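> everything below, folded, please.
(2 chains)
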Amino acid sequence: MPLHIEGVCHSYGPVAALDAIDLDIADGETVALIGPSGCGKSTLLGIIGGLLQPTAGRVSLSGPPPADSLNPFTYVFQDFALLPWRSVSANVALALEHRGLSATECRERVAAALALTGLTEFAAAYPKQLSGGMRQRVGIARALVVRPAVLLLDEPLSALDAQTRELLMEDLLAIWARERSTRVYVTHNLEEAARLADRVVVLSRRPGRIREVLRIDVPVAERGRPEHTALLIEVHRKLWALIRDEAATAEREIQNV
Amino acid sequence: MSERRPIPFRGGGFAPTPRRVVPWIVFAVLIGLWQAASSSGLLPSLFLPSPAAIARALYDLWLDGTLMEHVTASLKRIVPGWIIGTAAGLAVGLAMGIFSSARAAGLPVVSALFPIPKIALLPVLILWLGIGEPSKVATIALGVFFPTVISAYTACDSVPRNLIRMGQSFGLPARDIVAKIVLPGSMPGILAGFRISASVALLLVVAAEMIGAQHGIGAFVLTAGNLMQTDQLLAGVVMLSILGLLISWGLGAIERSVLRWR
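Numbers count the residues shown, from 1 in each chain, chains lettered A, B, ... in the order given. You can find the predicted model right below:
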């Protein structure tokens, strides 16, 4: 579903985190939000998902929701946020249980989500038995099981090692190709943004403002091809040029928490 | 080419290695020394009877039924007292963990009353409830109540916030968040609290029985002391330690089955 962000501002007490964010996201589009730490990208995602009240402005959806969608917005979290006392399938089912589905439909949806994320044979395992990558696959299956209109990913690969991250990026691309939803992807990893997003929104430092919107013209599915390597490197370079100075300032700042 | 010198090992990191036999050897040596000291007359039996004499006293008490009579009398106070105190403590503690208003109301009261040694309230409770069983059960219930409130409340508090936010982001109703996230997440803390409250119950039953009871292990130990029957006295103490071990073993079994996911 198309998503509209209009004049969103947010402040934590006297500290302004976001300032006048205007952004329209088209149906089925993947938008990456990047920026130096403290630019409010996670705050913006929280506002889109209805977990935070913006100080001003509003976020809205337009158009009809997908027919089989049970929940317009679902989340994938950086720290997975799995329930350790539930098995993989029960963790995925958590998103469905209160939706009043029949037991059969519940089972079918869970099975489909597990199949989509390659977890079928791990259905009975517990989170502590799984690697970080498998845990995040459970988090992704849980978010997809309700067939969301908008999928919100909050640094989904940041807690994973470099090799696992690479593998999960491939998985996400495969899921992008099969599941049609609008996606907002927060990350500080420029490569993830360049590989996974149709558009990359670069936010400036506190208060976060939209600094630049970069459209990557090659379809996401084709970016793995060798002839596009140069393009990805160029996107990466542009993004880095946009945030490098502010990232350096952010890094040298003393935190007052 | 110069000489090759191997790099000496300097790791290990003080990692503990299991030593299964050592604990048994320590017990055997201690009891053996004690027995030897008693047999050689170094320890007067009036002050410290030999392990064999204590074992014999325990066996005799078992045979003539005295032991079970006193153990049963104590259990009849511990069990209802612990159950009442735990049920009330869980209700109040979980309410304080979940509802901000219950926390604001309850925390100062609980903090103020928690440090009172509950045995000091026995005289008041005797005044209110009489010298019989209810005052002893009430003392135990009170003693169990406060640590249970605190463990339940801190257990709720320690449920990771990100799991609760996850529940909210998936649109779970509040009662589902409590039932599916807060309560299971609190179980480790609540069960750890049971160990504390069980030891409090054991302590208080002995103290209460020493103050005023005909039966019960506390009363038995006190009477044996007054009659200078040291072997009987220590048999009672050994019985208390066995009771404590059994309770802790039972709670351990419950923890292992409830918290299998850990």
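> tell me the phi and psi of the single nearest residue of the stretch 51-200 of chain B relative to chain A?
Using Cβ to the nearest Cβ, the closest approach of the stretch 51-200 of chain B to chain A is made by B:Met166 at 3.9 Å. (Glycine included, C-beta is placed from N, CA and C.) Torsion angles at B:Met166 (phi, psi; degrees, to the nearest 10) stand at phi -60, psi -50.
> now do the SS call for the residue nearest to it when sequence neighbours are not counted.
Nearest residue to B:Met166, sequence neighbours excluded (Cβ to Cβ, 6 or more residues apart in numbering or on different chains): A:Ala81, at 3.9 Å. Secondary structure state of A:Ala81, per DSSP: H, G, I helix; E, B strand; the rest coil, is coil.
> how much space between A:Ala81 and A:Pro148?
According to Cβ to Cβ, to the nearest Å, A:Ala81 and A:Pro148 sit 16 Å apart.
> likewise A:Gly208?
Separation of A:Gly208 from A:Pro148 (Cβ to Cβ): 24 Å.
> pLDDT score for the spatially most central residue of chain B?
Nearest to the geometric centre of chain B sits B:Ser199, at 2.3 Å (Cα atoms, centre = their mean). With respect to pLDDT, B:Ser199 scores 93.
> what sits closest to it if chain neighbours are left out?
Going by Cβ to Cβ, 6+ apart, B:Ser199 has B:Gly244 as its nearest residue, at 6.9 Å.
> so that neighbour, which of the three states?
Using three-state DSSP, the structure places B:Gly244 in helix.
> quick check: which ranges of the chain have low pLDDT?
Defaulting to chain A. A:255-257 (pLDDT under 70).
> that was the other one, I meant chain B.
For chain B, counting by pLDDT under 70, the residues that fall below are B:1.
> one more time with 80, if that's ok
For chain B, applying pLDDT under 80 flags the ranges B:1, B:12, B:262.
> mind naming the longest helix for it?
helix B:66-98 (DSSP state H).
> would you agree the residue of the stretch 51-200 of chain B closest to chain A is in contact with A:Thr74?
No - with contacts counted by Cβ atoms under 8 Å, B:Met166 stays clear of A:Thr74, the gap being 10.1 Å.
> quick one: which of those two has more around it?
Per other Cβ atoms under 10 Å in any protein chain shown, whichever of B:Met166 and A:Thr74 has more neighbours is A:Thr74, with 27 against 24.
> am I right that that one is in contact with B:Leu172?
No - the pair A:Thr74 / B:Leu172 is not scored as a contact, 12.0 Å apart, by Cβ under 8 Å.
> related to what we said a few turns ago, and the residue nearest to B:Met166, how far from A:Arg206?
Counting by Cβ to Cβ, the gap from A:Ala81 to A:Arg206 is 26 Å.
> for A:Ser87, grab the count of nearby residues.
By the criterion of other Cβ under 10 Å, A:Ser87 has 18 neighbours.
> B:Ser241 now?
Counted by other Cβ under 10 Å, the residues lying close to B:Ser241 total 10.
> enumerate the residues of chain A near chain B.
Proximity of chain A to chain B, by Cβ under 8 Å from any Cβ of the partner chain, involves residues A:49, A:51, A:71, A:73-75, A:77, A:79, A:81, A:83-86, A:94-95, A:97-98, A:126, A:128, A:142, A:146.
> in strands, which of those appear?
Mapping these onto strands (DSSP state E) picks out A:73-75.
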